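> Give me coordinates for this.
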Amino acid sequence: MPKGLLSIVIGNTPAARGLAVDQLVGAAPRAVVLAASIHCRDTGYPVVQRFVTGPGVSQSVSQSMSRVATGDPVVILRQDLLAIRRTVMPPHVVLALSDELDLLPFLVELWRPRTGASALSDHYVPAPIVAGLDPAAFLAELGCVHRAARLWDGTDHTSPLTPAERAARRVEAAHGVIVPTPPSPTDRRTDGVAALAHHLNPSATLIQIAQQPQTAELPPPLLRPVPDALEEWRARLEPVTVAPARPGTDLGVTSVVWRARRPLHPERLADALPTVMAGVVRGRGHLWLSSRPAAVVTWRSAGPHMELHEADRWLESGDESAWRGASPQRRTLASWFWHDYYGERRNALTFTGADLDRDRLCSALDAALLNDRELSLGWDGWAAFPDPLLGDAPR
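Numbers count the residues shown, from 1 in each chain. Prediction:
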């Protein structure tokens, strides 16, 4: 029995999300649209609202999905998709998701096989993720860091995320980004937003279309299955995965990658932050801090807000259990970068922003690395350096 195709649609405004849905339905007129709105509460499971429409969907299926439910969105949407699969064969479903989800971890949970339940992968293959991007709303989000909200990641609430962080993640998750062109030819915001989106996600297909297009303008690859989608989503979530950088400068937007194989001195890194963050719109990557020699420390910045987190542990040569528990992508990266003394430890950061000074940025980070004298102190000596960023490590 042929499998159905599952397209994922997100957007930073209802209109942008609707434009992306319209483009997919215009290109695939027999597609079924399942729109899901997730409303997170302070505690417990979210409230889930769904609406389904499309050829072949029975009235009983439509009515059952029109009820508001409180529960695990993964379970609810899995049941909805399987119900559509039993009614329409083989379906092309456009799953339009609201903005209260941390998309990639949510999709990993949605696709993960469950004991005693039919796996979604037995019935569907994932198509590319398509994001609608309203330029004015996107720029406003990137400047908003004074408030934060917790999203649903498929198993629980995330830590609070700013609108700027959510805006960046939305673009980074997509395979295709639809940017509506403004009605006025003198409005150049769309070109600047398109350039920024291309640097945030160099592998994504960027489509600029009229706000009310007469025909579907999606490239055919956005309507085809994504090979090994689950592994791709997991790889993007690995804390040691380095974000790709688009070469060159587009309308003043530049991306810079910095790498180093020495630990960073936390005090000097803190002192360097004003220089490093000047002009940066988005920063992603991982650090090897001398004060946390066993920890993978992730760097996430969006707009003027930056956070460091201990996200994982570096793999050690004798820890067989940790190696077995690591993903294939993580083991491959560790083997590729392995050093006889340092193991897989390394620094790798990708910055995107306006008119970034590559030499100035990289020099500031290089100056925060341990020098030869500090390096000779060894692991215990490194851990003793004061850490104003994450706090002094417990002794």
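> and stretch 202-217, how far apart are its ends?
Chord length of stretch 202-217, first to last residue, is 20 Å (Cα to Cα, to the nearest Å).
> ok, and for stretch 58-72, which residues are buried?
Across stretch 58-72, burial judged by 16 or more other Cβ atoms under 10 Å covers 61-62, 65, 69, 72. C-betas here are computed from N, CA, C, even on glycine.
> swap in stretch 23-33?
23-25, 27-28, 31-33.
> Just the terminal-to-terminal distance for it.
Using Cα to Cα, the two ends of stretch 23-33 sit 12 Å apart.
> Mean confidence (pLDDT) on that stretch, please.
Averaged over stretch 23-33, pLDDT sits at 93.
> now it, how far from the chain's geometric center?
25 Å (Cα atoms, centre = their mean, to the nearest Å).
> same thing with stretch 113-121?
25 Å.
> Sheet partners, orientation included, of the host helix or strand of residue 352?
Element membership of residue 352, judged by DSSP states H and E, is strand 347-354. With DSSP bridges as the test, strand 347-354 is paired with strand 253-260 (antiparallel), strand 280-287 (antiparallel).
> Of those, which is nearest residue 118?
Across the strands paired with strand 347-354, residue 118 has its closest neighbour in strand 280-287 (35.8 Å, Cβ to Cβ).
> Parallel or antiparallel, which strands does the very next helix or strand once past the closest one pair with?
Using DSSP H and E, the next helix or strand after strand 280-287 towards the C-terminus is strand 295-302. Take DSSP bridges as the rule and strand 295-302 pairs in its sheet with strand 280-287 (antiparallel), strand 305-313 (antiparallel).
> With mean neighbour count as extra columns, can I get those strands in CSV?
Output for the strands paired with strand 295-302, formatted as CSV (neighbours: other Cβ atoms under 10 Å):
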stretch, mean neighbour count
strand 280-287, 22
strand 305-313, 16
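> Would you convert those strands into CSV that also reports mean pLDDT?
Shown next, in CSV, are those (pLDDT from 0 to 100):
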stretch, mean pLDDT
strand 280-287, 96
strand 305-313, 94
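> right, and these - which one's nearest residue 375?
strand 280-287 (16.1 Å).
> Let me have the strands paired with strand 347-354 in JSON lines, adding distance to residue 293 as columns.
Below are the strands paired with strand 347-354 laid out as JSON lines (distance: least, Cβ to Cβ, whole Å):
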{"stretch": "strand 253-260", "distance to residue 293": "15"}
{"stretch": "strand 280-287", "distance to residue 293": "11"}
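> Taking the buried residues of stretch 23-33, tell me the two that lie furthest apart.
23 and 32, at 15.7 Å, using Cβ to Cβ across these.
> re the thing from before, now distance to residue 181 too, for the strands paired with strand 295-302, in CSV please.
Converted to CSV, these look like this (distance: least, Cβ to Cβ, whole Å):
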stretch, distance to residue 181
strand 280-287, 22
strand 305-313, 30
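> nearest to residue 44, of the ones you listed?
strand 305-313 (24.7 Å).
> After the closest one, heading C-terminal, what element do we hit next?
That would be, after strand 305-313 and using DSSP H and E, helix 320-325.
> still on that earlier bit, other residues contacting the strand holding residue 352?
196, 199-200, 240, 242-245, 252-262, 264, 276, 279-288, 299, 361, 365 (Cβ atoms under 8 Å, 6 or more residues apart in numbering).
> by contact count, what packs against the helix or strand just after it?
With elements assigned by DSSP H and E, the helix or strand that comes after strand 347-354 is helix 358-366. On a contact count with 3 or more Cβ pairs under 8 Å, 6 or more residues apart in numbering; DSSP states H and E, helix 358-366 meets strand 253-260, helix 266-277, strand 347-354.
> after the helix or strand bottoming out on mean pLDDT in the chain, next one along is what?
When each helix and strand of the chain is scored by mean pLDDT, DSSP states H and E, helix 59-65 comes last, with a mean of 83. Proceeding N to C from helix 59-65, the next assigned helix or strand is strand 69-70, under DSSP H and E.
> Starting from that following strand, tell me which strands it pairs with and how they run.
strand 47-53 (antiparallel).
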